[in-house]
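Asks: give me coordinates for this.
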Amino acid sequence: MGKKNTSDLSIIGNRIRYLRGLMGLDRQTMEKRHDIKAVSLEKWEGGFNNIKTQNIQRLITAALAHSIECSAEWLLKGEGSPPSTILPSKFIKSKGPTSSKTINALRDLSYFKESYPNGMTLMVNDDSMAPFYVHGDFVGGELVDLADLKKCLDSPCIVQTADGKIRVRRIGYCNGEWFLYGTNVKHEGSAYMEINVKITKAAPIFWLRMQSILHL
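Replies: Predicted coordinates for the structure are as follows:
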């Protein structure tokens, strides 16, 4: 049997592989950085499993974190323009010297806010959620109705509590009480676990920008 042709972009698995290649990530790194399981990627790319629309969106969001724009139409059907690098916005102006990393981060943040009006963003300021999110990463998610908060259990979220404090934590629930916890047991500084908290806002994270935004 001949070697499988992975360059034929008329095949959805090859398009998924191509998009991952543009991000410069192997499957294990994709799983670590964007919480998309390597085994799922292998099945999608190999054509062994049909990919759900929600997972198409996760791939598109992951690509955005690497300054790559890709449409669902292209990824699903091979129609429309192929993925491309997002150029710096003409509307981003600096009052002083600004690094290209800062410009790229500002551009991506602006793109996220335009795409998700009900979104919430935050720059991670500690390592309590390492290795998934570390100091300087920028994360985003869409706000959920507090009546549906249990759908967020054990998921990494941007969380605001009644004291006005906002942080990235996983959400837990036990005996009628909400609690927040991190993933880095060696974390020093803010509390690794907070019990009996009153959550006022929660946004499950699906967007990650791995370069810090400086001097905003």
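Asks: contacts only, for the closest residue to S7 other than its chain neighbours.
Replies: Leaving aside its chain neighbours, S7 sits nearest to N14 (6.9 Å; criterion: C-beta to C-beta, 6 or more residues apart in numbering). Quick note: C-beta positions are derived from backbone N, CA and C, even for glycine. By C-beta atoms under 8 Å, 6 or more residues apart in numbering, N14 lies in contact with 5-8, 45.
Asks: same deal with L149?
Replies: Per C-beta under 8 Å, 6+ apart, neighbours of L149: 171, 178, 199, 202.
Asks: A strand includes the last one, no?
Replies: Read it as A202. Yes: judged by DSSP: H, G, I helix; E, B strand; the rest coil, A202 forms part of a strand.
Asks: in this protein, which spans are strands?
Replies: 68-69, 84-85, 119-123, 138-142, 156-161, 166-174, 177-181, 193-195, 199-209 (DSSP state E).
Asks: the bottom helix or strand of the protein by mean pLDDT?
Replies: Lowest on mean pLDDT, DSSP states H and E among the helices and strands of the chain sits helix 100-115, with a mean of 69.
Asks: closest to G80 among the contacts of L149?
Replies: Ranked by distance to G80 (C-beta to C-beta), these are led by A202 at 34.1 Å.
Asks: contacting residues for the closest one?
Replies: Counted by C-beta under 8 Å, 6+ apart, A202 has contacts 143-144, 146, 149, 152, 157-160, 171.
Asks: check S89 and give its pLDDT.
Replies: What the model reports as pLDDT for S89 is 41.
Asks: residue nearest the centroid of the protein?
Replies: The centre of the chain sits closest to W207, judged by C-alpha atoms, centre = their mean, with a distance of 2.3 Å.
Asks: quick one: it from C152, how far?
Replies: For W207, the distance to C152 (C-beta to C-beta, to the nearest Å) stands at 16 Å.
Asks: one more: D137?
Replies: With C-beta to C-beta as the criterion, D137 and C152 are 19 Å apart.
Asks: can you list the weak-confidence ranges in this structure?
Replies: Within the chain, the stretches with pLDDT under 70 are 1-4, 86-106, 189-191, 211-216.
Asks: break it down into its domains, please.
Replies: Here the domain parsing of the chain from automatic domain parsing is 12-85, 117-209.
Asks: need those in a markdown table (columns: distance to S110).
Replies: Shown next, in a markdown table, are those (distance: least, C-beta to C-beta, whole Å):
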| stretch | distance to S110 |
| --- | --- |
| domain 12-85 | 12 |
| domain 117-209 | 10 |
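Asks: so who does the residue nearest to the centre of the chain touch?
Replies: Going by C-beta under 8 Å, 6+ apart, W207 touches 61, 64-65, 112, 121, 139-141.
Asks: residues in a beta bridge with it, which ones?
Replies: With DSSP bridges applied, W207 shows beta-bridge pairing to G140.
Asks: quick one: it from D35, how far?
Replies: For W207, the distance to D35 - C-beta to C-beta - is 11 Å.
Asks: ditto for I60
Replies: From I60 to D35 the distance is 14 Å (C-beta to C-beta).
Asks: same thing with R209?
Replies: To D35, R209 is 15 Å away according to C-beta to C-beta.
Asks: the two: who's more crowded?
Replies: Using other C-beta atoms under 10 Å, the more surrounded residue of R209 and D35 is R209, with 22 against 15.
Asks: does R15 touch K77 like I think?
Replies: No: between R15 and K77 there is no contact under C-beta atoms under 8 Å: 9.3 Å.
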